[in-house]
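In: Kindly generate the corresponding structure for this input.
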Amino acid sequence: MLDSFEKESRLHERRLARQRQMRLMEEAASGLPLHVNDDDDDDNANNNEMEYEMPPPSHVEEVDSEDDVPSMYSGIHNSNNLNKNGNDNLWSSANSKDLDDSKLKFVMGDNTNNNSNNNYDETASYSSWTERQKREHDESRHLIMLASRRVSSSSGRGGTLEMEMRDEERRSRRYNKCPVWFMLHRKLICSLCLVMALIVMGVLIGQMKKNMGQDGAEWPMNPATGGSSSSGMTSGTSASHEPMDSSNEESTHNPQDSSNNNNDSSSNNNQHELDMIKFERIKDRLLEHQISHASTLEDPTTAQYKALQWIVRDDPRQLDVMPLDDVETGLTGEQVDREEGLFERYALAVFWFQTTDLAIVNGGSGGGSRNGGPDRPFRTEEEEEDEVEFTMQEIQWRESTNWLTEKGFCLWHGVICHPVPQSTAHGASSVRYDDDFHVAILNLTENNIHGLVPREVYMAFTKMQALDLSWNELGGAIGREIGALRDLQDLFLQSNQFTGAIPTTIGELGNLYNLNISDNKIAGTVPTQIGMMSKLRDASMFQNRIGGRIPGEIGYLTDLLALYLDSNRLTGPIPTSIGKLTSLVDLRLRANKLTGTIPSEVGELKNLETLYLDTNRGITGKIPTELANLVKATEIQLYQNSLTGPLPSELGLLDGLIFLYLGDNQFSGTIPTDMGKMLKLEFLYLEENDFDGLIPSELGELHKLQVSGPSRMDHVLKVIIF
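Out: You can find the predicted model right below:
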């Protein structure tokens with residue numbers, strides 16, 4: 001019963017109960033009687049506990065309960081009265097292990113000593129106790145026996161009841177360090193603390209984002225921090241600007257648009273929001289027109305992101321696009337031109353950052369890296385070997401007048417725009433004027449430009465007619481987006497470091513006249529789509545790493561004047577369809593790995609002046625007699641092949657020939673006498689062959705033949721012998 005009470009009572013109440021229990025047991029041992037208090041029957045019924053009360057106040061002093069919580073013993077005898085009988089009468093575990101029967105009867109109220117000094121005030125509660133005495137006697141007896149055994153067992157372990165009480169008091173004191181109200185509401189308090197911690201973390205993260213945006217505007221979601229906004233197409237702010245450093249610019253208001261700026265910059269918060277809206281608005285339109293990839297516009301390290309940030313925040317002209325609500329109603333022709341002008345200004349800014357930012361040039365991001373970017377192939381082993389790290393000084397442009405300034409890009413170095421229509425010219429020159437109109441020519445040849453050509457150069461300039469980036473240090477693959485330049489007429493990319501394959505989309509350049517991608521590191525094959533370029537006149541692809549066969553579709557280029565495929569890795573035979581290039585003037589297929597014979601269809605090239613088929617050890621067979629039809633030929637080079645047989649006498653009909661190189665083959669037989677009719681011949685090389693017989697005397701009539709010895713004949717003999 002005591003164990004059950006200990007579990008249900010609070011720890012600090014158990015401490016008081018144990019103290020009262022000890023006192024009661026000492027009183028019982030000294031012979032004092034116990035009485036039962038039945039004032040609270042309801043509590044007794046609920047707890048199954050009996051409450052005991054000492055005699056009236058004349059003999060017993062009530063103990064004040066600190067917590068007013070009912071305990072097993074509600075009253076105890078005054079300790080002063082206990083001391084009157086002396087310590088010898090006190091019961092303890094040291095004197096006895098169990099209560100004897102006489103003392104137990106005395107404790108249970110069976111003592112009939114009438115001479116006791118205890119005078120009780122007979123009350124109604126005392127009478128009630130008399131009626132219930134028999135029923136409660138057994139329960140009290142059992143309780144006292146349990147208490148006695150507990151004390152006895154505690155003493156047997158080498159301790160006392162007082163020591164156990166002190167230990168319990170220590171545990172209770174540790175428990176009571178936390179307030180009661182905290183223990184009752186601990187779950188709610190913990191939840192509130194967690195919510196407050198989350199709020200504080202959110203505030204700190206927001207402040208960090210804000211600080212990052214203000215420091216460098218490098219946070220993707222805050223591109224225009226510290227910038228200015230405008231509501232007009234060309235209205236905005238003016239600023240002093242240096243192309244290489246746009247981070248420390250200070251903006252000043254344009255007097256012509258001060259009213260608009262006052263409305264737009266009524267507060268710093270509104271201005272910041274407008275910059276964000278402008279950034280997203282222009283970004284959405286760029287994505288809508290597929291000018292840039294979304295991934296490049298969200299990465300602060302790319303040239304595209306830097307260019308758009310410059311357009312929104314740093315560009316003194318502060319161009320903008322029309323809101324979508326206004327676009328749905330339709331745009332006028334002038335508004336379309338202005339919007340496309342913004343796209344082209346943005347594309348030029350992308351090209352600037354792509355080729356002047358050291359991290360991007362040396363293999364960083366920005367719509368294309370040395371690994372290619374979104375639309376670029378991975379590097380080959382040869383490209384990895386060619387990789388070079390540059391310094392800032394090495395990548396500086398030789399000329400960059402007006403680039404990324406307040407001037408319209410029509411005044412930027414290397415940019416030539418279309419003439420402005422008279423309705424919007426406003427006195428602008430048809431050659432050079434300060435505006436942002438359609439780019440007609442982008443000519444940055446020999447300007448020490450490094451890096452990649454971003455896709456924006458191909459996608460934004462819809463009316464470009466000439467693109468000349470030759471003699472620079474540009475690398476990477478030629479983007480497949482080049483097919484978007486439908487109006488392009490001249491493409492000059494020679495003498496760079498371009499890699500990868502020729503994109504098949506190049507066949508979409510139906511208006512292209514001149515294609516020069518020579519002297520690069522382009523690999524792959526000649527795409528069959530080249531036959532779709534019906535207006536092509538010059539196709540220069542020499543000095544690359546192009547392999548595979550020459551496509552038969554090349555015969556569709558009937559307007560082609562020059563075909564330069566020399567110094568590559570071409571294989572297979574010369575296609576017979578090459579005979580359809582009747583307008584061809586210059587054909588150069590030298591220094592490849594071509595095989596087979598020289599097709600007789602070459603003789604159909606009536607306008608051909610130059611024929612280079614040398615340095616192809618796989619070319620065998622005889623020289624076709626149809627070559628005699630090349631009446632306009634001035635230079636034929638067939639040396640370092642594997643040609644055999646005698647020289648055809650029909651070669652004598654080429655009376656306009658100046659250069660004839662036939663050395664290092666396997667020719668045999670005699671030298672035809674008709675070669676003496678080639679009166680314009682100046683250079684003749686026949687060495688390292690298997691000729692026999694006499695040297696025709698007719699060769700002595702070649703008066704223009706350059707000699708290095710005492711006579712022409714001696715020179716001819718030397719040429720033949722050696």
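
In: For the stretch 251-400 of the chain, which residues score under the pLDDT cut-off?
Out: 251-274, 324-331, 364-387 (pLDDT under 70).

In: next one: the chain
Out: Where the chain drops to pLDDT under 70, the residues are 1-12, 14, 17-18, 25-180, 183, 210-274, 324-331, 364-387, 422-431, 707-722.

In: if you set the cut-off to 90 instead, what comes out?
Out: Where the chain drops to pLDDT under 90, the residues are 1-192, 194, 201-278, 320-339, 362-390, 420-433, 676, 692-722.

In: So residue 491, which state does it fall into?
Out: Per DSSP: H, G, I helix; E, B strand; the rest coil, the secondary structure class of residue 491 is strand.

In: Am I right that it is in contact with residue 513?
Out: No - taking contacts as CB atoms under 8 Å, residue 491 lies outside contact range of residue 513: 9.2 Å. Every C-beta, even on glycine, is put in place using the N, C-alpha and C of the backbone.

In: higher neighbour count, these two?
Out: A side-by-side neighbour count of residue 491 and residue 513, using other CB atoms under 10 Å, places residue 491 first with 23 against 18.

In: Quickly list what the more buried one is bridged to.
Out: Residue 491 has these beta-bridge partners by DSSP bridges: residue 467, residue 515.

In: From residue 456, how far out is it?
Out: 17 Å (CB to CB, to the nearest Å).

In: and the closest residue in space to residue 702 that isn't next to it in sequence, how many neighbours?
Out: Using CB to CB, 6 or more residues apart in numbering and skipping residues adjacent in sequence, the residue nearest residue 702 is residue 681, 5.4 Å away. Neighbour count for residue 681, taken as other CB under 10 Å: 22.

In: Distance of residue 681 relative to residue 624?
Out: Residue 681 is 20 Å from residue 624, by CB to CB.

In: follow-up on the earlier one: how about the contacts made by the residue nearest to residue 702?
Out: Taking CB atoms under 8 Å, 6 or more residues apart in numbering, we find residue 681 in contact with 657, 658, 660, 675, 702, 704, 705.

In: Distance-wise, check the fourth one relative to residue 658.
Out: In this case it means residue 675. Residue 675 is 14 Å from residue 658, by CB to CB.

In: do the same with the last one
Out: Going from residue 705 to residue 658 by CB to CB gives 10 Å.

In: and for those two, which residues touch both?
Out: 681, 682, 683.

In: thought residue 305 was touching residue 295?
Out: No - assessed by CB under 8 Å, residue 305 is found out of contact with residue 295, at 10.1 Å.

In: More neighbours: which of those two?
Out: Neighbours were counted for residue 305 and for residue 295 using other CB under 10 Å; residue 305 has more, 26 against 13.

In: which SS state does that one fall under?
Out: Of the three states, residue 305 takes helix under three-state DSSP.

In: before we move on, what about residue 208?
Out: helix.

In: Tally up the residues packed near it, please.
Out: Neighbours around residue 208, by other CB under 10 Å: 11.

In: Could you do residue 388 as well?
Out: The number of residues packed near residue 388 is 10, by other CB under 10 Å.

In: and residue 482, which of the three is it?
Out: Under three-state DSSP, residue 482 comes out as helix.

In: Any idea how many residues pack against it?
Out: 23.

In: cool, and residue 506?
Out: Residues near residue 506, counting by other CB under 10 Å, number 21.

In: quick one, which of residue 675 and residue 658 is more surrounded?
Out: Taking other CB under 10 Å, residue 675 and residue 658 do not tie; residue 675 has more neighbours (22 against 16).

In: Which residues are in contact with that one?
Out: With CB under 8 Å, 6+ apart, residue 675 has these contacts: 647, 651, 652, 681, 696, 698, 699.

In: so the first one makes contact with residue 674?
Out: When you say that, I think you mean residue 647. No - using CB under 8 Å, residue 647 makes no contact with residue 674, being 9.5 Å away.

In: so how many other residues sit close to the closest residue to residue 323 other than its chain neighbours?
Out: Closest residue in space to residue 323, ignoring its immediate chain neighbours: residue 281 at 6.8 Å, by CB to CB, 6+ apart. Residues lying near residue 281 (other CB under 10 Å) number 17.

In: Quickly note the distance from residue 281 to residue 456.
Out: Distance check for residue 281 against residue 456: by CB to CB, it reads 18 Å.

In: Now do the same contact list for the residue nearest to residue 397 when sequence neighbours are not counted.
Out: Excluding its sequence neighbours, the residue lying closest to residue 397 (CB to CB, 6+ apart) is residue 447, at 5.4 Å. Under the criterion of CB under 8 Å, 6+ apart, the contact list for residue 447 reads 397, 398, 399, 414, 472.

In: mind running it again at 10 Å?
Out: Shown in contact with residue 447 (CB atoms under 10 Å, 6 or more residues apart in numbering): 355, 396-400, 413-414, 469-473.

In: any idea which helix or strand carries it?
Out: Under DSSP states H and E, no helix or strand contains residue 447.

In: these two touch, right, residue 583 and residue 537?
Out: Yes - counting by CB atoms under 10 Å, residue 537 is a contact partner of residue 583 at 8.2 Å.

In: so what sits against both of these two?
Out: 557, 559, 560, 561, 562.

In: Roughly how far does the second one sit from residue 534?
Out: To residue 534, residue 559 is 7 Å away according to CB to CB.

In: and what of the fourth one?
Out: Applying CB to CB, the value for residue 561 to residue 534 is 14 Å.
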